[in-house]
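>>> show me how the following folds:
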Amino acid sequence: MLKSYIRCAAIWLALTTSAHGQEATARVTAPGGTVTTELVLRSTTDIAVLLPVVNDFVARNPAIAVVYEQWGSNALFANSLSACDGALPSADAVFSSGVHQMIDLVNRACASPYRSDETDRLSRARRWRDELWGITKEPAVIIYNRQLVPPEDIPASRFELLDLMRRPNGFYANKIATYDIEASGLGYLFAFMDSLEATTFGALLEGFARTNAVATCCSSEIIQGVADGRYLIAYNVLGSYVDAQIADVIGVVQPEDYTLFLSRAYLIPKDAPHKEAAGLLLNFLLSPEGQNLLRQSNLVFRDDAETSRIAVSAERPIAIEPTLLVASDQHKRASFVELWRSAFPR
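Alright, predicted model coming up:
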């Protein structure tokens, strides 16, 4: 692999969300390369997680520097809409976990079409109109604090989680966390898919209300909270962000009734200044080399017999398709948020 003998440099710059909507940026180049193209990649993926993949890409394409901007999903969607309208400069590529928001952008004619051998090999469930492509495979999981949750309480399914929340002793009061669907586009998507998939959804909301569950913004805060013991259990957490280094503290459960799987979506904006370079990055992400690096970064789930924890029949991929437009419908969203607030009042 090229990264074994070519080291890439990243220049980091922290930015405040209030000023720009960005959480952090990095500029990644191949040392010794003559840069002729600066590719702006706006993404919801933590820089540290995707950096090995970007490093390898610029090592293979030393004329390209990648300016990586990390965003929250809602802020990135708003930025992409403004760029589509011409009010802000466009990125060259957008890579987001808010798949329903990306579907909305394509539907608004904000994307450029692109085809290659790599994109043609994707299943229909992971591409739409040759303008949006699913790159990763990441489970939505239940996590728990191994040191504080008794082994007999580890919930293998939503039904078992409901049983824990119905206990009268209050052991889990204020100790269960999940995403705030108003602050997190990913959290909204997972909750919306649950409402379509699970007969348990209404009971889950009742359980969250009964235990005074905590709704918060982001994966890092939830995972750290479970590791610290502030929360005992967290629901619908993106499993790819649970670092193997804290596996002795945090346990991970793929719910056996069903497990949602997310494919982060990649889009080339209609006004992208460097569409050819964006296509090269897309092809690399989908290549065997790129997928292997994503797998090492925990962004592609290994579904072989040794690591798979659930039956294939329990996997529920979130397909990249126009039915997700329902999740972005203004009236549908308003009524769904109102239902959510019954469990998590402001």
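>>> what about stretch 130-145, average pLDDT?
Stretch 130-145 shows a mean pLDDT of 96.
>>> show me which positions of that stretch end up buried.
131-145 (16 or more other Cβ atoms under 10 Å). To be clear about C-beta, it is placed using only N, CA and C from the backbone, and glycine gets the same treatment.
>>> what helix or strand does the closest residue to Ile154 other than its chain neighbours sit in?
In space, and not counting its chain neighbours, Ile154 is closest to Tyr144: 6.1 Å by Cβ to Cβ, 6 or more residues apart in numbering. Secondary structure from DSSP states H and E places Tyr144 in strand 138-145.
>>> centroid-nearest residue for the chain?
The residue lying closest to the centre of the chain (Cα atoms, centre = their mean) is Ser97, at 3.5 Å.
>>> you'd agree that one is up against Leu262?
Yes: using Cβ atoms under 8 Å, Ser97 is in contact with Leu262, at 6.2 Å.
>>> between the two, what contacts are shared?
Common neighbours of Ser97 and Leu262 are listed as Leu186, Leu189, Leu238 (criterion: Cβ atoms under 8 Å, 6 or more residues apart in numbering).
>>> for Lys332, give its distance to Ala78.
According to Cβ to Cβ, to the nearest Å, Lys332 stands 19 Å off from Ala78.
>>> show me what counts as buried in stretch 86-103.
Neighbour count says stretch 86-103 has 90-103 buried, by 16+ other Cβ under 10 Å.
>>> how about a markdown table for those, with distance to Ala156 and secondary structure added?
Conversion of the buried residues of stretch 86-103 to a markdown table gives the following (distance: Cβ to Cβ, whole Å; DSSP: H, G, I helix; E, B strand; the rest coil):
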| residue | distance to Ala156 | secondary structure |
| --- | --- | --- |
| Ser90 | 45 | coil |
| Ala91 | 41 | coil |
| Asp92 | 43 | coil |
| Ala93 | 39 | strand |
| Val94 | 36 | strand |
| Phe95 | 33 | strand |
| Ser96 | 31 | strand |
| Ser97 | 25 | coil |
| Gly98 | 29 | coil |
| Val99 | 27 | helix |
| His100 | 28 | helix |
| Gln101 | 32 | helix |
| Met102 | 32 | helix |
| Ile103 | 32 | helix |
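>>> hmm, which two among those are most spread apart?
Greatest spacing in those, by Cβ to Cβ: Asp92 and His100 (22.5 Å).
>>> give me the neighbour count for Ser297.
18 (other Cβ atoms under 10 Å).
>>> looking at it now. What's its pLDDT?
pLDDT, read off for Ser297, is 90.
>>> just checking, it touches Ala48?
No: taking Cβ under 8 Å as the definition, Ser297 is not a contact partner of Ala48, at 9.1 Å.
>>> for the stretch 101-250 of the chain, what spans make up the strands?
Using DSSP state E, counting those that start in this stretch, the strands of the stretch 101-250 of the chain run over residues 127-128, 132-134, 138-145, 176-179, 214-216, 233-238, 250-253.
>>> any idea which of the ones you listed gets closest to Thr37?
strand 132-134 (20.8 Å).
>>> and that closest one, what does it pack onto?
Judged by 3 or more Cβ pairs under 8 Å, 6 or more residues apart in numbering; DSSP states H and E, strand 132-134 is in contact with helix 99-107, strand 265-267.
>>> residue ranges for the helices of the stretch 101-250 of the chain, please.
With DSSP state H, counting those that start in this stretch, the ranges of helices along the stretch 101-250 of the chain come out as 117-120, 158-165, 185-197, 201-210, 219-228.
>>> and those helices as TSV, adding mean pLDDT and mean neighbour count?
Supplementary listing: the helices of the stretch 101-250 of the chain in TSV, determined by pLDDT from 0 to 100; neighbours: other Cβ atoms under 10 Å:
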stretch	mean pLDDT	mean neighbour count
helix 117-120	97	14
helix 158-165	96	18
helix 185-197	92	22
helix 201-210	95	18
helix 219-228	93	19
